[in-house]
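Undergrad: only the shape, not the letters, is given here:
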């Protein structure tokens, strides 16, 4: 895997679980180890300093240390106050929320009925043993923070099933998740096999007593035997939807890139998928590094939106969910992308996606927010607002879906809180024709968080009459999460990637 960080690059990073351990939200862009994250910007340093200032003042008021305070709901509120202080009013938060736990408790109770469906989550199989995934953490534990080894944070266990369940179902408000995978030209790099994905679905749902986890089957067009795996998935695995990468391999230029509108390669697959009733394909798009024209020479266009419109028009029976909303900028400071948006009103590749419904007259293309939301919310909240506004304006509020790419970034709770509080500033609404997002429980946010995906995947949120299937609020996972909360366990605030060292 030639694109994992070099020895030189390893000297430039620190483990995010150490560097950002106390912060309720990341104050640097976090890499999962596939690419070198950018340095913490001057503005991000200001945000971090302001969070610490608010933590000291409000923590003292509550009789808590800075670290203790930052692990509370008031600490989360303080983080968004700090973001507003530095970036301008993008997040809806009142100063009193940082010093009055009763307000935060009332807020939590008002959101208790909000359903969160995360349509992009990941963990790795138990026998996944590519230590490159941990190379940066090992280096950090040897050179910066020896306690990381004592705490076990350099173990691949942080990316595995047990921690996945904790971070997604216990340390966040996520109610339902879709478990995904990723293909590689080297099969040993697969995070999970298709069989393991569906076994995880069976395990979680049997344990909970309700439908808490959905499953993908990953397809690998052009690779030898790929249609045989499709046939097996239809007959045996019965996935809830399909997942694939038109670029072939997310880590390096692949021998197997392909197009959605390739009539010889893909149209026979669509025919099989429609006939089987598994007519949703989730496609990784975007998220290439700044030097993509060089590092992904010859294949980078396959990660763009160039092939979506024709395929969607030719196959109205299929649903095309574009993961990451095709956002090109990835793990880089978005100052340039923001300046470009202010000048042109466009966002690389994401705007191309948003224009597809009107250009091609289709309604079967959807945008998903995984990673793109996380990194833009942290690095530039106004750019994040521009991204969400662009997608809603072009695709419609009923065509944008919530995903977090967890557990690469730790518990998704901070991302949930960011969307709950995000609002597109009025000047941006007027200038670009964006609609307001509303409060934490607005109809718009409820559609993004779950309404669109539950309708899409035909999820019934209430227990069916005359069946043994309980409501989500009454199943075994709900009971255990309540016990976990009552025991006053605080979210870890850990992120499981790497940040640029000071």
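TA: Here it is on my side, so go on. What you see is a predicted model; the values in this text were computed from it and never measured. Residues are numbered from 1 along each chain as shown.
Undergrad: thinking residue 333 is in contact with residue 29, fair?
TA: Yes. Using C-beta atoms under 8 Å, residue 333 is in contact with residue 29, at 7.4 Å. Using the backbone N, CA and C atoms, a C-beta is placed for each residue, glycine as well.
Undergrad: and these two? Which one has more around it.
TA: residue 29 (26 against 20; other C-beta atoms under 10 Å).
Undergrad: give me the number of residues near residue 361?
TA: Counted with other C-beta under 10 Å, residue 361 comes out at 11.
Undergrad: does it touch residue 313 like I think?
TA: Yes. Applying C-beta under 8 Å as the test, residue 361 and residue 313 come out as touching, 7.0 Å apart.
Undergrad: identify the contacts common to residue 333 and residue 29.
TA: Residues within reach of residue 333 and of residue 29 at once, by C-beta atoms under 8 Å, 6 or more residues apart in numbering, are 38, 379.
Undergrad: tell me which element residue 283 is part of?
TA: strand 280-284 (DSSP states H and E).
Undergrad: got the buried residues for that strand?
TA: Buried residues in strand 280-284, defined by neighbour count with 16 or more other C-beta atoms under 10 Å: 280-284.
Undergrad: will you turn these into a markdown table that also has distance to residue 453 and pLDDT?
TA: Converted to a markdown table, those look like this (distance: C-beta to C-beta, whole Å; pLDDT from 0 to 100):
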| residue | distance to residue 453 | pLDDT |
| --- | --- | --- |
| 280 | 10 | 97 |
| 281 | 15 | 98 |
| 282 | 11 | 98 |
| 283 | 16 | 98 |
| 284 | 17 | 97 |
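Undergrad: what's the farthest-apart pair in these?
TA: 280 and 284 (14.3 Å; C-beta to C-beta).
Undergrad: what kind of secondary structure is residue 316 in?
TA: coil (DSSP: H, G, I helix; E, B strand; the rest coil).
Undergrad: ok, then the element right after the strand holding residue 283?
TA: Next along the chain after strand 280-284, with elements defined by DSSP H and E, is helix 292-295.
Undergrad: neighbouring contacts of that following helix?
TA: 3, 253, 288-289, 300, 303, 328.
Undergrad: contacting residues around the spatially most central residue of the chain?
TA: The residue lying closest to the centre of the chain (C-alpha atoms, centre = their mean) is residue 404, at 1.8 Å. By C-beta under 8 Å, 6+ apart, the contact list for residue 404 reads 118, 120-121, 369-370, 373-374, 412, 415-416.
Undergrad: got a winner among the contacts of helix 292-295 for most neighbours?
TA: Most surrounded of the contacts of helix 292-295: other C-beta under 10 Å gives residue 303, at 26 neighbours.
Undergrad: my guess is that one contacts residue 260, does it?
TA: No. Residue 303 is beyond contact range of residue 260, at 11.8 Å (criterion: C-beta under 8 Å).
Undergrad: now the common contact residues for those two.
TA: Between them, residue 303 and residue 260 share these contacting residues under C-beta under 8 Å, 6+ apart: residue 246.
Undergrad: which residues sit against whichever helix in the chain runs longest?
TA: Using DSSP state H to define each element, the chain has its longest helix at helix 42-62. For helix 42-62, the surrounding residues in contact (C-beta under 8 Å, 6+ apart) are 23-24, 27-28, 40, 65-66, 68-70, 72, 74-75, 78-79, 81-83, 85-87, 98-99, 101, 378-379.
Undergrad: cool, and stretch 317-326?
TA: 119-120, 241, 260, 270, 273-274, 279-287, 303-305, 308, 311-312, 349-350, 352-353, 364-372, 387, 391, 401, 403, 456.
Undergrad: what's the local residue count around residue 443?
TA: Residue 443, neighbours per other C-beta under 10 Å, totals 10.
Undergrad: and the pLDDT at residue 43?
TA: In this model, residue 43 is scored at 89, pLDDT.
Undergrad: before we move on, what about residue 290?
TA: pLDDT, residue 290: 88.
Undergrad: tell me which helix or strand the residue lying closest to it once chain neighbours are set aside sits in.
TA: Excluding its sequence neighbours, the residue lying closest to residue 290 (C-beta to C-beta, 6 or more residues apart in numbering) is residue 332, at 5.3 Å. Residue 332 is part of no helix or strand, with elements assigned from DSSP H and E.
Undergrad: list the buried residues in stretch 244-255.
TA: So for stretch 244-255, counting by 16+ other C-beta under 10 Å, buried means 244-254.
Undergrad: and which of these is nearest to residue 434?
TA: For the buried residues of stretch 244-255, the nearest to residue 434 is residue 246 (29.0 Å; C-beta to C-beta).
Undergrad: now tell me which helix or strand of the chain has the poorest mean pLDDT.
TA: Among the helices and strands of the chain, helix 135-143 carries the lowest confidence by mean pLDDT, DSSP states H and E, at a mean of 39.
Undergrad: which of the three states applies to residue 460?
TA: Under three-state DSSP, residue 460 comes out as coil.
Undergrad: hmm, back to that, so what does the strand holding residue 283 touch, helix or strand wise?
TA: Strand 280-284 is packed against strand 241-245, strand 319-323, with contacts defined by 3 or more C-beta pairs under 8 Å, 6 or more residues apart in numbering; DSSP states H and E.
Undergrad: hmm, who's touching the next helix or strand after the last one?
TA: Read it as strand 319-323. Counting by DSSP H and E, the element after strand 319-323 in chain order, helix or strand, is helix 335-344. Applying C-beta under 8 Å, 6+ apart, the contact partners of helix 335-344 are 41, 329, 346-348, 380, 382-383, 386.
Undergrad: out of those residues, which sit inside helices?
TA: Those of the contacts of helix 335-344 mapping onto helices are 382-383, 386, per DSSP H.
Undergrad: burial measure for the closest residue to residue 237 other than its chain neighbours, as a count.
TA: Nearest non-adjacent residue to residue 237, counting by C-beta to C-beta, 6+ apart: residue 198, 4.6 Å away. As a burial measure, residue 198 scores 23 neighbours (other C-beta under 10 Å).
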